[in-house]
Structure formats: structure tokens, C-alpha cells
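Enquirer: with the sequence up front, the predicted model follows.
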Amino acid sequence: MGRRGRELERHRAHDPLTPASQSRDGGAGPFADMIGPLRRQGAKPVLFSISESVWWLIAITATAIFMVGMHVVLTGMNVSDDDTREAPARGAKSRKAFYALAPLLSAVVLGMNLLRPEPSAEILFLYSVAYVAIPVALLPIRGRLVRAYVAHRRDPGAAPEPDRLVTAWIIGFLTVVLIAATVALMAGKYA
């Protein structure tokens, strides 16, 4: 080992920021193991031990799950023939618009994440959680949604009455999911 190597080794032995695994005498300083990983420049950011490229795949999969889940919610609604005969063109037109615009909006949101200079694993995680949670929140209450829709179609001039159970379920479920996702994100980032 040359002169430069000995100087570097001596510096590592007395530097409190050098991790214990890099110094010959076991490391110095109480912060060596915590700050050592911060010195590695160029390391790819990970969230929950998952790389950012995998989070992109998860976000795209969450978008597909959202589209399939919303298709199940919308096609699983049993509406009588009398109610569907009134405006079949309007229903088909709005479904086509949903199936065209939802992926387009999702692509815009994901595309904006590509333009960010910062790592976007956290945003992709929250995006994925939200996109999967929406159809899961709607599946248990779709029967009540159908009844409200049919009642409104039969009497369009009447003021719609809010279904308090549906409102409480959607708000409560999505609140719990987003709080749990935020806590998991904070625990994963600061643990």
C-alpha cells in the first residue's frame, strides 16, 4: 500500500462519517452506520425495498386493476329493461367516454411523474393505492347505487336524496386506506 493508501486508511479510521464496514479498525464515531449509506452517490432510490422501475410497473398494473374493477362495478349493476330502454345511447356513450378518458388521464398523471427530476416512488405508491382502492370501495355498495340511479331515472324532477350509508362507507373506507398508505410511506421512509 502506497503513501496515498495509508493516508486514506488513516482518514477513514478517524472519520466519524465513515461506516464501520469501510474502516480497518471497525469504524469510528457513533454516526458511522447511519450516515455511511448517505455518502453513496448514484444509488437508485428504493421504497419498501422495491426499486423505482418496479414501482412504475406497479402503477401501470394498478391502472389496469382500476379499469377492470370499474368495468366490474358498472357491468354488475342490474338495471331492469324498462329503465335501460329510455336512454341506451346515453349510457353507452358515457361508458365509452369513461373507458377512453380514464386511461388517458392516468397516462397524463404518470407522464407528469416522468418529468419530475426527483425520485417518484412515493407518488407512484400513493397513486397505486388510490387507483386500487376506488373500485374496491364501490363494489360492496353498488346495489345501493343502482337503486338510487333507478329511482332518479324514474322521477328525474325529484331532488336526489343522499344515501348516508353509501356516503359514510366511501368517505370512511378511502380515508382509512389513505391514512394507512401515508403511515406506511412515512414508516418506510423514516424507519
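Expert: Here it is on my side, so go on.

Enquirer: okay, and Met67 sits in which element?
Expert: Using DSSP states H and E, Met67 sits within helix 52-75.

Enquirer: show me the strands in the protein, by range?
Expert: Along the chain, counting by DSSP state E, strands occupy 46-47, 50-51.

Enquirer: and those, which one is worst for confidence?
Expert: Mean pLDDT is lowest for strand 46-47 among the strands of the chain, at a mean of 73.

Enquirer: ranking the strands of the chain by burial, who's on top?
Expert: Comparing the strands of the chain by mean neighbour count (mean count of other CB atoms under 10 Å), strand 46-47 comes out on top with a mean of 16. Bear in mind the C-beta positions are built from the backbone N, C-alpha and C, glycine included.

Enquirer: outside of that one, which residues touch it?
Expert: With contacts defined as CB atoms under 8 Å, 6 or more residues apart in numbering, strand 46-47 is touched by Glu52, Trp55, Ala121, Glu122, Phe125, Leu185, Gly188, Lys189.

Enquirer: what sits against Val129?
Expert: Val129 makes contacts with Ala62, Val177, Leu178, Ala181, as judged by CB under 8 Å, 6+ apart.

Enquirer: now, those that are in helices?
Expert: Among the contacts of Val129, the members found in helices (DSSP state H) are Ala62, Val177, Leu178, Ala181.

Enquirer: and the buried ones among the residues you listed, selectable in PyMOL?
Expert: Selection of the buried residues among the ones in helices among the contacts of Val129 in PyMOL, burial being defined by 16 or more other CB atoms under 10 Å:
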select buried, resi 62+177+181
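
Enquirer: and which of the ones in helices among the contacts of Val129 is nearest Val68?
Expert: Nearest to Val68 among the ones in helices among the contacts of Val129: Ala62, at 10.8 Å, using CB to CB.

Enquirer: state the number of residues packed around the residue lying closest to the closest one once chain neighbours are set aside.
Expert: In this structure, Ala62 finds its nearest non-sequential neighbour in Ser128, 3.8 Å apart by CB to CB, 6 or more residues apart in numbering. Residues near Ser128, counting by other CB atoms under 10 Å, number 20.

Enquirer: equivalent analysis for the one 3 residues further on, please.
Expert: Taking other CB under 10 Å as the criterion, the count of residues near Tyr131 is 22.

Enquirer: so who does it touch?
Expert: Ala59, Ala62, Thr63, Ile65, Phe66, Ser106.

Enquirer: from Pro162, how far off is it?
Expert: Separation of Tyr131 from Pro162 (CB to CB, to the nearest Å): 25 Å.
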